[in-house]
Each structure stands twice: as structure tokens, then as C-alpha cells.
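[1] predicted model follows, preceded by the sequence.
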Amino acid sequence: MATKVAKVGVKRKKGYLYFLDKRGNVAMAKMSRGGGKKGKQRQTIVAKVGVKRKPGYLYFIDKAGDVAMVKMARGGKRRKKKAKKKAKKRKVKRKTKKKVKKRKAKKKPKRKAKKKVKKRKAKKKPKRKAKKKVKKRKVKRKTKKKVKKKKKTTKRKKRRR
């Protein structure tokens, strides 16, 4: 539950937002509604209180217009459930450790060695000789264009060397 930090008794106006500013004073700002101005509104100080904040607490103006604080909820239900489970596991682990110290260590029976089975290698089949393919040579016909290309390639080879 919330605890009151300072009694101020601020009376609220409709359409304004009341909050604690950085210095701990009660301030108000006009709320932006349907199509009005957006962004940061001009804030005015309603009452100078000078509340010093503690980390992990939420400060607000309650119904009576006083400054109140409440501890912030971090993580919700899921986080609380996980924390409870971890706490139970820790307790169980501690108890088992004590029991282990009291008991004498029992010798474990030796396991029988497994027999190694030799794997047989599969015999490779001899490769068949591929028939040689006889390539038919195309009859070269010399044309002017091909001759020119050959000349260009020879010049390039000379340059590279």
C-alpha cells in the first residue's frame, strides 16, 4: 500500500495532469487531447514541497492531493513465480548436501567392457574402362575476321611478357 510522504492538499482541475517534478515539487501540465497540441507542454508549479526520492519507489499525487509513494513492482507475476521456485530449489539442495556428508560413499559396481566388433571393409568393384570418345575435328575456315582476332591476341601476349 502507498504511504504519504507530504500533506499538500492540492485541488485538481479537469484536463490537467498532476505529478512530482525533478526537484520534488508538485507540478501540473495541460493534457493533450484529441487533435490538440502534441509533445511537451508547459508545466507550472502548484506547490513547493521538495520531496527527496528513494530509488525503487514510485511517487504520485493521491486522491486527497497529497504526495504518496509506493514500492515499484518489477517483473510482475511471472518473475515472482520464478523467484519462489528458485528459493525452493536452494533449500532442497542444502538439505541433500548435509545428508551426503553423513553417509559413507558406496562403491559403484564395475561395468563390463564391451567387446569390440571388427567391421569388414566392403570390396571395391573394379572400374570399367570408359570407351574413348573420338572427337571430330571441325574444318577451320580462315576468314578475315578470325585473322584479325589472332593478331590482337598475339599483341596482348607480348605485352604481358
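    Perfect, thanks for sending it.

[2] quick one: the strands in this protein?
    Under the criterion DSSP state E, the chain contains strands at 3-6, 16-20, 26-30, 43-47, 57-61, 67-71.

[3] mind putting those into JSON lines with mean pLDDT?
    Shown next, in JSON lines, are those (pLDDT from 0 to 100):
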{"stretch": "strand 3-6", "mean pLDDT": "93"}
{"stretch": "strand 16-20", "mean pLDDT": "92"}
{"stretch": "strand 26-30", "mean pLDDT": "92"}
{"stretch": "strand 43-47", "mean pLDDT": "92"}
{"stretch": "strand 57-61", "mean pLDDT": "94"}
{"stretch": "strand 67-71", "mean pLDDT": "94"}
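
[4] of all those, which one is nearest Lys123?
    strand 67-71 (79.0 Å; Cβ to Cβ). For glycine as for every other residue, the C-beta is placed from the backbone atoms N, C-alpha and C.

[5] in this structure Ile45 contacts Asn25, no?
    Yes: the criterion here is Cβ atoms under 8 Å, and Ile45 meets it with Asn25 at 5.1 Å.

[6] between those two, which one's more packed in?
    Using other Cβ atoms under 10 Å, the more surrounded residue of Ile45 and Asn25 is Asn25, with 17 against 12.

[7] of the strands of the chain, which is nearest Lys80?
    Using Cβ to Cβ, the nearest of the strands of the chain to Lys80 is strand 67-71, at 13.4 Å.

[8] count of neighbours near the residue nearest to Tyr57 when sequence neighbours are not counted?
    Using Cβ to Cβ, 6 or more residues apart in numbering and skipping residues adjacent in sequence, the residue nearest Tyr57 is Met69, 4.7 Å away. A total of 19 residues lie near Met69 under the criterion other Cβ under 10 Å.

[9] sorry, back to before: okay if I get the strands of the chain as TSV plus distance to Pro126?
    Putting the strands of the chain into TSV (distance: least, Cβ to Cβ, whole Å) gives the following:
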stretch	distance to Pro126
strand 3-6	94
strand 16-20	91
strand 26-30	93
strand 43-47	94
strand 57-61	85
strand 67-71	84
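
[10] among those strands, which is nearest Arg78?
    Nearest to Arg78 among these is strand 67-71; the distance by Cβ to Cβ comes to 18.2 Å.

[11] helices or strands up against that closest one?
    On a contact count with 3 or more Cβ pairs under 8 Å, 6 or more residues apart in numbering; DSSP states H and E, strand 67-71 meets strand 3-6, strand 57-61.

[12] buried ones in the longest one, by neighbour count?
    Judged by neighbour count using 16 or more other Cβ atoms under 10 Å, the buried positions of strand 57-61 are 59, 61.
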